[in-house]
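Undergrad: pasting the sequence and the predicted model now:
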Amino acid sequence: MPRSAKPTPFSLLDGFEPSNNEVKSGRKLPGFTGRSVSEDRARGCGSKHAPDRCESSDPSTDGESRLCGPRIDAQATIWGHSITHVLRDREASARQAAERDTKPWTLHADQQTRNILRDEEQRKVSSTTAAKYRREYERLRAEGITALDRARTRQHYDLLRTASHYCMETDVRALRAASERARRAGHLEQAQRLTLEAWKLAVEMDVQFRQPDRKTWKDKADAMRKAGDPIVSKSKRDTIAPAPSLAVAALLTAGHHGVKVAERHAERVAVLALFGVRPAELKRGIELSLAADPQSGRPFLAARVKGVKVNAERGQAWRTLVVPVDNTAANGLAAVVRERGGKAMVSMTDADHRSLNRALKPSGLSIYSFRHAVASELKREAIRKPETAAGAATFMGHTSTRSLMSYGRAAHARGGRRFGARAERAVRSVPVTFQQKADVREAARATAAQATAPRVPNLGALARRLPTPGLTPPRGPKLPWKR
């Protein structure tokens, strides 16, 4: 879409209704300016880069916050106005509960905040990821728009949604902790103000990301299609990366300095093309070593990978990948391992990441293109031999064969490559091929039909005559003349 074209009109709250458990009312939030307090914090005192944009940070007497002056109030965002009715309804619910038990309504507002957080432990991310999320979130706040308003592709929306959700939850927890500290110190007005800030930000997070009828990328994509706006996909799944032996040659298209770039990134590109590791895993460092096949004696190149995207349910914390030394890239890495005494560490910094992606861009590739290429080879082999699907998932760092379906295309595979992997967690197998999925559906239908079919009675048993019971004299005490 041309840059001069206007984005498709789209509101996140089109058709949104508050939760059924909230009491609806027409009461107006006292002192509310149409913008969430988190917006004020991001634009004003909450940002360390602009402390002079706020006139006062003193709490007001009515429990509301006055973090920013009139100049910032004039910049009220569309999103802030959109959630005004939601805040009003939920405040009415809290005030009605306060009238019943004669407690401050802010206590019930804080209970709503706890219900939104659901006593769940916050997702743990690295400091680098947290900083990236914070940059994206602050940029959205500065523009006064949501993740869905800004996103133009599905991948971009996923990033902005995750960043906004994570930062909002982090800020809500930090505000509640600060409120508790202020309450214990005896600063009740400040504690009340912080509680309200946390509540408003939690409501905003709930509306954007946790309501069952929230707007998602699917809704925006439908609106864009109806308006005739093209939906651009930046996914590298359909790109075809070169074979490992020719992977470094893709860097030679980077202009006059292509040779220098190729010399700088030759080892990294070889590792990516052979093993298909994630960029974040390469940043943690890949330990290379040599091994020999006990049967044939042929050399194999082994890579020990510390996984990312690992939690209690998914991901492989550590995995060892092996490929035969049968091409130029593998021979080059094997020579590096021998030169360095039997083990070699290949890693990547953020600067290397940016440099390598810039060098690959003229060829229409990215670092992730090599991961999709390896997945294409594994997927083709899994379709031909379904018993290899678990090994393919292990090689990719997954704990389910379903995840492999999101990578690569079997039609892009060249064939002739061999892979091996060993990891700590077992892999859950799901149907991979079309025939397997059809067999599973057929078996499920047969099981359901068998469970619901009525039992057919034994007609022969019903045709047999039942014996007539014989008459037996009543028993009891003997009559006197028979004793």
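TA: Okay, I see it. Residues are numbered from 1 along each chain as shown.

Undergrad: C-alpha from now on. contacts and neighbour counts both.
TA: Noted.

Undergrad: backbone dihedrals for Trp105, please?
TA: Main-chain torsions, Trp105, degrees, to the nearest 10: phi -70, psi -20.

Undergrad: pull out the buried positions in stretch 356-363.
TA: The neighbour-count check on stretch 356-363 (16 or more other CA atoms under 10 Å) flags Leu356, Asn357, Arg358, Ala359, Leu360 as buried.

Undergrad: contacts for it?
TA: Contact partners of stretch 356-363, identified using CA atoms under 8 Å, 6 or more residues apart in numbering, comprise Ala250, Leu251, Thr253, Ala254, Gly258, Val261, His265, Leu365, Ser366, Ile367.

Undergrad: ok, which stretches of the stretch 151-300 of the chain are strands?
TA: 286-292, 299-306 (DSSP state E, counting those that start in this stretch).

Undergrad: quick one: those as a markdown table, columns for mean neighbour count, mean pLDDT and distance to Thr84 too.
TA: Converted to a markdown table, these look like this (neighbours: other CA atoms under 10 Å; pLDDT from 0 to 100; distance: least, CA to CA, whole Å):
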| stretch | mean neighbour count | mean pLDDT | distance to Thr84 |
| --- | --- | --- | --- |
| strand 286-292 | 19 | 93 | 51 |
| strand 299-306 | 22 | 94 | 46 |
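
Undergrad: out of those strands, which is closest to Ser93?
TA: Ser93 lies closest to strand 299-306 among those, at 49.0 Å (CA to CA).

Undergrad: closest one of the buried residues of stretch 356-363 to Thr129?
TA: Nearest member of the buried residues of stretch 356-363 to Thr129, counting by CA to CA, is Asn357, at 18.5 Å.

Undergrad: among the buried residues of stretch 356-363, which are located in helices?
TA: By the criterion of DSSP state H, membership of these in helices covers Leu356, Asn357, Arg358, Ala359, Leu360.

Undergrad: which one of the residues you listed sits closest to Val125?
TA: Asn357 (23.5 Å).

Undergrad: ok, the closest one to Thr162 distance?
TA: Applying CA to CA, to the nearest Å, the value for Asn357 to Thr162 is 23 Å.

Undergrad: ok, now Gly332?
TA: 39 Å.

Undergrad: how about Ala247?
TA: 33 Å.

Undergrad: more neighbours: which of the two?
TA: Ala247 (21 against 16; other CA atoms under 10 Å).

Undergrad: what sits against that one?
TA: Ala241, Val269, Ala270, Ala273.

Undergrad: widest-spaced pair of the residues you listed?
TA: Ala241 and Ala270 (12.1 Å).

Undergrad: just give me the closest of the contacts of stretch 356-363 to Gly186.
TA: Gly186 has its nearest neighbour among the contacts of stretch 356-363 in Ile367, at 54.4 Å by CA to CA.

Undergrad: got a list of what the closest one touches?
TA: Leu272, Pro279, Leu356, Asn357, Leu360.

Undergrad: kindly indicate which of the residues you listed lies nearest Asn327.
TA: So of those, ranked by how close each gets to Asn327 (CA to CA), first place is Leu272, at 14.2 Å.

Undergrad: which one, of the strands of the stretch 151-300 of the chain, ends up nearest to Ala174?
TA: The nearest among the strands of the stretch 151-300 of the chain, by CA to CA, is strand 299-306 at 31.2 Å.

Undergrad: between that closest one and strand 286-292, what angle do the directions make?
TA: Here strand 299-306 runs at an angle of 150 degrees relative to strand 286-292 (axes from the mean of the first three to the mean of the last three CA atoms, to 10 degrees).

Undergrad: run me through the strand neighbours of strand 299-306, direction for each.
TA: Strand 299-306 pairs in its sheet with strand 286-292 (antiparallel), strand 318-324 (antiparallel), by DSSP bridges.

Undergrad: among these, which is nearest Ala182?
TA: Closest to Ala182 of the strands paired with strand 299-306, according to CA to CA: strand 318-324, at 43.8 Å.

Undergrad: got a ChimeraX select line for the buried ones in the contacts of stretch 356-363?
TA: The buried subset of the contacts of stretch 356-363, as determined by 16+ other CA under 10 Å, is captured in ChimeraX by this line:
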select :250,251,253,254,258,261,265,365,366,367
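
Undergrad: reformat the contacts of stretch 356-363 as TSV; add distance to Lys309 and pLDDT.
TA: Output for the contacts of stretch 356-363, formatted as TSV (distance: CA to CA, whole Å; pLDDT from 0 to 100):
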residue	distance to Lys309	pLDDT
Ala250	29	86
Leu251	29	85
Thr253	33	75
Ala254	32	61
Gly258	33	80
Val261	29	89
His265	25	92
Leu365	23	90
Ser366	20	91
Ile367	17	93
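
Undergrad: tabulate the contacts of stretch 356-363 (CSV), appending distance to Met345.
TA: Below are these laid out as CSV (distance: CA to CA, whole Å):
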residue, distance to Met345
Ala250, 23
Leu251, 22
Thr253, 27
Ala254, 26
Gly258, 24
Val261, 19
His265, 14
Leu365, 25
Ser366, 22
Ile367, 19
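
Undergrad: ok, Arg417 - contacts?
TA: Contacts for Arg417 (CA under 8 Å, 6+ apart) come out as Glu377.

Undergrad: so how far is Val336 from the residue nearest the centre of the chain?
TA: With distances taken as CA atoms, centre = their mean, the residue of the chain nearest its centroid is Thr162 (6.7 Å). Counting by CA to CA, the gap from Thr162 to Val336 is 39 Å.

Undergrad: ditto for Thr128
TA: Distance, Thr128 to Val336, using CA to CA: 30 Å.

Undergrad: with neighbour numbers in mind, choose between those two.
TA: Taking other CA under 10 Å, Thr128 and Val336 do not tie; Val336 has more neighbours (18 against 10).
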